[in-house]
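K.L.:
here's a sequence, model it:
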Amino acid sequence: MSESQSQPTGPDPDRRDFLTARPIRDQVASQASELESSESGQRKFAATQAQGTAEHWLQHFTHRAMACDFQVFLNLGQDPQGPEAVLEAFALVDELEHRFSIFRGHSELTRVNQFAAKIDVPIESDLFGLLQLAETLHAETAGAFDISTTALSKAWNFFSRQPVVPSAEAIATALENVGQKNLQLDPEQRSVRFSKPGIELNLHSIGKGFAVRRMAEHLQQRGLRDFVIHGGQSSVLAIGDCLPRETEQGGWRIGLTHPVFPEKRLGEFFLTNRAIGTSGSARQGLVHRGQRLGHILDPRTGWPASQWLSTTVLHPDPTHADGLATAFYVMTEAEIIDYCRSRPELAALNIRSLGNSGQIELRLFRVDPQQLQLAEPFANLPRAVVMAGDDSPLN
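P.N.:
Just a heads-up that it's a prediction; the model follows:
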């Protein structure tokens with residue numbers, strides 16, 4: 001018997017409706033849970049005053065989808081068509097959730113899981129492209145990234161948010177139904193088939209990043225030049241500048257959440273035309289025999305990954321950033337260095353615990369320490385540049 005306990009874990013408004021304005025540092029820079037929330041299906045809007053700039057405001061939109069809040073920030077008044085374009089982008093997210101969610105009984109992905117062990121299942125081009133990217137990331141990370149872990153998540157009861165530690169036999173049984181090697185893609189027919197029954201795919205490790213990318217593509221097609229999109233605070237894309245610029249380099253101030261205390265902001269980056277994907281288990285997990293186990297499972301062992309408290313990946317594409325943040329969470333430091341070495345577009349910030357001291361350490365992979373500004377309470381945290389910009393590991 002497990003000695004475990006679970007850790008705490010409408011209609012559209014009128015387009016002229018606004019919420020109370022709040023300072024930009026509370027709205028854009030923080031990835032903590034302090035931002036305006038919304039009920040399922042409800043969209044919220046806010047005008048946000050830029051810090052220290054009374055004549056300039058940001059416009060803030062929130063929409064509930066994929067079990068999280070999607071948020072968009074625009075420079076108020078810069079693009080008259082901005083609010084309409086954001087509403088259209090939110091509609092795209094709803095469509096993706098309807099098609100890709102395994103919790104929707106008639107979704108495209110549910111149909112794949114139901115029939116792909118028996119027949120070749122034709123799918124739409126965007127889902128096929130996502131499965132192809134998942135196949136690539138799976139191969140490149142030696143199996144650390146895997147979208148076929150549904151059986152494992154069910155064994156741990158993470159989908160119900162009431163996790164329990166399964167028996168060794170249950171984990172072994174679940175692992176028999178995990179592995180993207182069982183996924184067969186046919187580019188000519190644009191179809192997918194499983195090599196055995198029992199395989200179930202989910203896009204939890206990559207879906208929000210893809211939704212953010214699709215939103216950004218739509219906003220840019222509509223002529224928007226400067227904006228930030230948050231997907232559940234864990235997948236972020238910053239395009240262009242927050243105006244007026246706060247630095248000569250420009251960009252947007254994007255916060256980094258503390259991996260142990262998610263209500264606190266650890267620090268912040270300035271980003272432009274760059275995405276961030278973050279993985280961590282501060283909000284989901286369970287305590288078993290005095291040890292906290294997170295919800296991110298290593299698909300190679302069936303157990304929660306434990307060597308990192310959080311992983312943050314910087315990449316031009318939010319889909320890659322989302323997927324690689326999950327992969328890096330279960331990879332060793334040596335594996336991450338090897339992966340980053342031939343990919344100059346990639347940078348990462350991993351955070352680990354320093355034994356039983358309660359302290360944390362930042363490990364930087366091609367992240368310039370000068371570009372990472374830690375919040376005052378954490379300014380003296382130990383941090384190590386593991387991999388410099390010339391791809392050389394430093395330790």
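
K.L.:
give me the neighbour count for Arg245.
P.N.:
Other residues near Arg245 number 12, with proximity taken as other Cβ atoms under 10 Å. C-beta coordinates here come from the backbone N, C-alpha and C atoms, glycine included.

K.L.:
nearest residue to it other than its sequence neighbours?
P.N.:
Sequence neighbours aside, Gly251 is the residue nearest to Arg245 in space, at 8.0 Å (criterion: Cβ to Cβ, 6 or more residues apart in numbering).

K.L.:
and that neighbour, how many neighbours?
P.N.:
22.

K.L.:
that one touches Val228, doesn't it?
P.N.:
No: Gly251 is beyond contact range of Val228, at 9.8 Å (criterion: Cβ atoms under 8 Å).

K.L.:
joint contacts of those two?
P.N.:
Listed as contacting both Gly251 and Val228 by Cβ atoms under 8 Å, 6 or more residues apart in numbering are 238, 242.

K.L.:
now do Pro377 against Met331, distance only.
P.N.:
As judged by Cβ to Cβ, to the nearest Å, Pro377 and Met331 stand 29 Å apart.

K.L.:
wait, I meant Ile351
P.N.:
With distances taken as Cβ to Cβ, Ile351 is found 14 Å from Met331.

K.L.:
okay, the two: which has more neighbours?
P.N.:
Set Ile351 next to Met331 and count neighbours by other Cβ under 10 Å: Met331 wins out with 24 against 21.

K.L.:
so what's the residue nearest to Arg245 scoring on pLDDT?
P.N.:
If you check Gly251, the pLDDT there is 91.

K.L.:
one more: Arg16?
P.N.:
At Arg16, pLDDT is 24.

K.L.:
ranges for the helices of the protein?
P.N.:
Assigned helices in the chain, in chain order: 24-27, 82-100, 108-115, 125-140, 150-155, 168-175, 207-221, 318-330, 333-341 (criterion: DSSP state H).

K.L.:
figure out which of the ones you listed is closest to Glu188.
P.N.:
Comparison of these against Glu188 by Cβ to Cβ identifies helix 125-140 as nearest, at 11.2 Å.

K.L.:
tally up the residues packed near the nearest residue to His218 once chain neighbours are set aside, please.
P.N.:
Leaving out its chain neighbours, the residue that sits closest to His218 by Cβ to Cβ, 6+ apart is Ala89, at 4.8 Å. Neighbour count for Ala89, taken as other Cβ under 10 Å: 25.

K.L.:
please apply the same query to the one 5 residues further on.
P.N.:
For Asp94, the neighbour count with other Cβ under 10 Å is 16.

K.L.:
again, but for Ile360
P.N.:
Neighbours around Ile360, by other Cβ under 10 Å: 19.

K.L.:
check contacts around the closest residue to it other than its chain neighbours.
P.N.:
Excluding the flanking residues, the one nearest Ile360 by Cβ to Cβ, 6+ apart is Ile351, at 5.4 Å. By Cβ under 8 Å, 6+ apart, the contact set of Ile351 is 259, 308-311, 360-363.

K.L.:
so which of the residues you listed belong to strands?
P.N.:
310-311, 360-363 (DSSP state E).

K.L.:
doesn't Leu74 make contact with Val86?
P.N.:
Yes: counting by Cβ under 8 Å, Val86 touches Leu74, with 7.2 Å between them.

K.L.:
ok so, going back, are any of the ones in strands among the contacts of Ile351 buried, and which?
P.N.:
Those of these that meet the buried threshold are 310-311, 360, 362-363, by 16 or more other Cβ atoms under 10 Å.

K.L.:
what distance do you get for the nearest residue to Phe90 once chain neighbours are set aside to Leu87?
P.N.:
Using Cβ to Cβ, 6+ apart and skipping residues adjacent in sequence, the residue nearest Phe90 is His63, 4.2 Å away. Distance, His63 to Leu87, by Cβ to Cβ: 9 Å.

K.L.:
in contact with the residue nearest to His218, which residues?
P.N.:
The contact partners of Ala89, by Cβ under 8 Å, 6+ apart, come to 72, 214-215, 218-219.

K.L.:
show me the shaky parts of this protein.
P.N.:
1-56, 282-291, 357, 390-395 (pLDDT under 70).

K.L.:
apply 80 and report the result again.
P.N.:
The chain contains residues with pLDDT under 80 at 1-56, 160-161, 246-249, 281-294, 355-358, 369-371, 389-395.

K.L.:
what about Phe128, neighbour count?
P.N.:
18.

K.L.:
check the one 4 residues further on too.
P.N.:
Gln132 sits with 12 neighbouring residues when counted by other Cβ under 10 Å.
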